[in-house]
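Novice: okay, structure incoming, though there's no sequence with it:
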Ligand SMILES: Cc1cc2nc3c(=O)[nH]c(=O)nc-3n(C[C@H](O)[C@H](O)[C@H](O)COP(=O)(O)O)c2cc1C
Ligand SMILES: Nc1ncnc2c1ncn2[C@@H]1O[C@H](COP(=O)(O)OP(=O)(O)OP(=O)(O)O)[C@@H](O)[C@H]1O
């Protein structure tokens, strides 16, 4: 596992891949792989260089739907084969500087040997900084800049934005192709109304920060992990329309063959299949019949 001290001194002479990296998707891993390969060739350190929080938390907090929490993003970056993850503290004062000031503050004290970025990268005040700015600064200070052609899938570049849109539409298998792994919901189990058990399917209600639930409303199948154990799960995302007004749970999971209590536990669910949209059933009987059929499907197919 890479050094996660976020010590900026690790940038000195290092070969870095630079960006936000929400989702640490296939294209991000390609870019980081390019940095790691050059670092190995030159016998330098390979660094994933990012921000401690996602800039969109500052600039687009109202419509933010991240693929990962910041902690998970930093952990996933540490797991890509780099020697260190360095995270700049993201504040408006830091990131909102004109490009020349930003580069001086970011790289001036510890100049990296090389920076790998994707074509079209923007940074600094109002995203006015470009790859050409990085190249100009690099030429003066001895930092190579490698701007890579964007990795594509089905004719267009892979991006976190594209994956978020797919997930919003419930397209979990397309999202999985671009991420290179299933989308993961991460949350803590909180008490629900406790009525699921009487209906024949107890559910764990997951508390997930809204900004970290990229998946659109619907019913899904996947694999839940708790305390190192994996269970097949039928999952509903979105507030139950049948019980709206009586619940504010945004994510509920029925774990097959799980006995016990989960309250307070950290639960993650790798979502593999979309089963159906959320339905406002006319009767509770219909709801129960449908959910039990969904659970039976999960038992048969996962
Ligand atoms: C797999 C699954 C599918 C569900 N589908 C729906 C649905 O289509 N419509 C709905 O109103 N509620 C749906 N729910 C939510 C249930 O109504 C809810 O889990 C039940 O009322 C128990 O809630 P409680 O745990 O807060 O007591 C679903 C729940 C699960 C686990
Ligand atoms: N498809 C791609 N191929 C190669 N590099 C990429 C690709 N997408 C992003 N990058 C690069 O990866 C780094 C991290 O990018 P960034 O965090 O902006 O990712 P993104 O997936 O494009 O996100 P968003 O959609 O939110 O803009 C940047 O250097 C960026 O230019």
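Specialist: Ah, there it is. No experiment lies behind these values; they were computed from the predicted model shown. Ligands and ions are numbered 1, 2, ... in the order given.

Novice: buried ones in the strand or helix carrying residue 177?
Specialist: Assessed by DSSP states H and E, residue 177 sits inside helix 172-179. Neighbour-count burial for helix 172-179, counted by 16 or more other Cβ atoms under 10 Å, picks out 172, 174, 175, 176, 178, 179. In short, each C-beta sits where N, CA and C put it, glycine included.

Novice: quick check: closest non-adjacent residue to residue 211.
Specialist: Nearest residue to residue 211, sequence neighbours excluded (Cβ to Cβ, 6 or more residues apart in numbering): residue 64, at 4.4 Å.

Novice: can you list the buried residues in stretch 144-152?
Specialist: 145, 146, 147, 148, 151.

Novice: tell me the pLDDT at the last one?
Specialist: If I follow you right, that is residue 151. Note for residue 151: predicted pLDDT of 97.

Novice: endpoints of stretch 17-25, how far apart?
Specialist: 14 Å (Cα to Cα, to the nearest Å).

Novice: circling back to that earlier point, just checking, the residue nearest to residue 211 touches residue 53?
Specialist: No - at 10.7 Å, residue 64 does not count as touching residue 53 under the criterion of Cβ atoms under 8 Å.

Novice: residue 123: what's it in contact with?
Specialist: Applying Cβ atoms under 8 Å, 6 or more residues apart in numbering, one finds that residue 123 lies in contact with 95, 99, 102, 129.

Novice: what's the farthest-apart pair in the residues you listed?
Specialist: Taking Cβ to Cβ, the two most distant members of those are 95 and 99; they sit 10.9 Å apart.

Novice: shared neighbours of those two, which are they?
Specialist: What both residue 95 and residue 99 touch, as defined by Cβ under 8 Å, 6+ apart, is the set 123, 124.

Novice: what is the longest strand seen in the chain packed up against?
Specialist: With secondary structure taken from DSSP state E, the chain has its longest strand at strand 266-276. Using 3 or more Cβ pairs under 8 Å, 6 or more residues apart in numbering; DSSP states H and E, the elements in contact with strand 266-276 are helix 172-179, strand 183-190, strand 204-207, strand 218-226, strand 229-237, helix 284-301.

Novice: now that strand against helix 284-301, angle please.
Specialist: Relative orientation of strand 266-276 versus helix 284-301 (axes from the mean of the first three to the mean of the last three Cα atoms, to 10 degrees): 100 degrees.

Novice: could you check how far strand 266-276 is from the centre of its chain?
Specialist: 14 Å (Cα atoms, centre = their mean, to the nearest Å).

Novice: against which helices or strands is the helix holding residue 177 packed?
Specialist: helix 160-168, strand 183-190, strand 266-276.

Novice: ok, 6 Å please
Specialist: Where contact means 3 or more Cβ pairs under 6 Å, 6 or more residues apart in numbering; DSSP states H and E, helix 172-179 is packed against helix 160-168.

Novice: so the helix it packs on, near ligand 2 or not?
Specialist: Yes - with Cβ under 6 Å from any ligand atom as the criterion, ligand 2 is reached by helix 160-168 at 160, 161.

Novice: what packs against that helix?
Specialist: Looks like helix 160-168 contacts helix 172-179 (3+ Cβ pairs under 6 Å, 6+ apart).

Novice: can you list the neighbours in contact with the helix it packs on?
Specialist: Helix 172-179 is contacted by residues 23, 25, 153, 158, 163, 166, 167, 182, 183, 271, 274 when judged by Cβ atoms under 6 Å, 6 or more residues apart in numbering.
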